[in-house]
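*Asks:* can't give you the sequence, but here's the structure:
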């Protein structure tokens with residue numbers, strides 16, 4: 001699990017707050033299995049005081065195929081039938097949908113503040129789609145030393161996910177705890193050394 005992706009509050013490092021900015025991005029992905037994804041997102045960061053800034057973020061995934069699709073093997077009597085994802089049955093529809101197969105909405109809110117010479121970030125993320133919801137709280141503490149040549153970052157991420165496939169009758173939970181510790185050392189004007197540690201515990 002990548003903390004940089006989860007936090008979504010800009011590139012704050014050391015004892016500096018994220019810059020005030022409005023970001024609007026449009027990204028896309030496609031492959032040769034008829035999967036096409038477009039995910040626009042917008043994020044706004046604003047300072048509310050000399051020591052605190054807030055960030056709001058919204059992202060939407062527009063998915064044309066919820067899982068890999070392809071032609072059935074030649075030995076299959078139903079030639080041309082779509083191959084079903086046996087785990088989620090996400091592409092098990094007999095007819096092609098008129099709209100996208102899936103829409104995922106993600107909402108995020110974060111606060112970054114200077115505390116005791118360090119930088120503390122607290123972020124909440126909620127994602128939802130037709131058969132899955134995810135709630136995440138991510139926290140980091142960043143502290144720089146030696147004229148900002150040495151930076152230590154500690155992180156903790158907690159996720160509460162719920163899975164409820166439309167083709168099944170059950171609902172199941174997945175809980176994830178992730179701890180991280182990163183050390184960054186500037187060695188010269190062109191050389192930086194890093195030590196990255198991460199431990200994740202998944203249940204469900």
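*Replies:* That came through fine. Since this is a predicted model, take the numbers as computed values, not measurements.

*Asks:* next SSE after whichever strand or helix holds residue 44?
*Replies:* Applying DSSP states H and E as the criterion places residue 44 in strand 36-47. Per DSSP H and E, strand 36-47 leads on to strand 52-63 as the next helix or strand towards the C-terminus.

*Asks:* how far off strand 36-47 does the helix or strand following that next one point, in degrees?
*Replies:* The element immediately downstream of strand 52-63 (helix or strand, assigned by DSSP H and E) is strand 102-115. Compare the direction of strand 102-115 with that of strand 36-47 by axes from the mean of the first three to the mean of the last three C-alpha atoms, to 10 degrees and you get 20 degrees.

*Asks:* Tell me which residues of the strand holding residue 44 come out buried.
*Replies:* Buried positions in strand 36-47, judged by neighbour count with 16 or more other C-beta atoms under 10 Å: 37, 39, 41, 43, 45. Where you see a C-beta, it was placed from the backbone N, CA and C, and this is true even at glycine.

*Asks:* Turn the residues you listed into a markdown table, including pLDDT.
*Replies:* Written out in a markdown table, the entries for the buried residues of strand 36-47 read as follows (pLDDT from 0 to 100):
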| residue | pLDDT |
| --- | --- |
| 37 | 83 |
| 39 | 85 |
| 41 | 93 |
| 43 | 95 |
| 45 | 95 |
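
*Asks:* now the helix or strand where residue 124 lies: mean pLDDT?
*Replies:* Assigned by DSSP H and E, residue 124 belongs to strand 118-129. Averaged across strand 118-129, the pLDDT comes to 95.

*Asks:* Would you mind giving the orientation angle of the following helix or strand past that strand with respect to strand 118-129?
*Replies:* Heading C-terminal from strand 118-129, the first helix or strand you meet, by DSSP H and E, is strand 132-145. Interaxial angle of strand 132-145 relative to strand 118-129 (the same axes, to 10 degrees): 170 degrees.

*Asks:* outside of strand 132-145, which residues touch it?
*Replies:* For strand 132-145, the external contacting residues (C-beta atoms under 8 Å, 6 or more residues apart in numbering) are 3, 6-7, 12-15, 104, 117-128, 150-164.

*Asks:* ok, it: who's next to it in the sheet?
*Replies:* In the sheet, strand 132-145 lines up against strand 118-129 (antiparallel), strand 150-163 (antiparallel) (DSSP bridges).

*Asks:* need the contact list for residue 187.
*Replies:* Applying C-beta under 8 Å, 6+ apart, we find residue 187 in contact with residue 193.

*Asks:* Pull the distance from stretch 35-54 to the chain's centre.
*Replies:* 13 Å (C-alpha atoms, centre = their mean, to the nearest Å).

*Asks:* what distance separates the start and the end of that stretch?
*Replies:* Stretch 35-54 has an end-to-end distance of 35 Å (C-alpha to C-alpha, to the nearest Å).

*Asks:* Please work out which residues outside it touch it.
*Replies:* Among residues not part of stretch 35-54, those counted as contacts by C-beta under 8 Å, 6+ apart are 8-10, 17-30, 55-65, 68-69, 106, 108-115.
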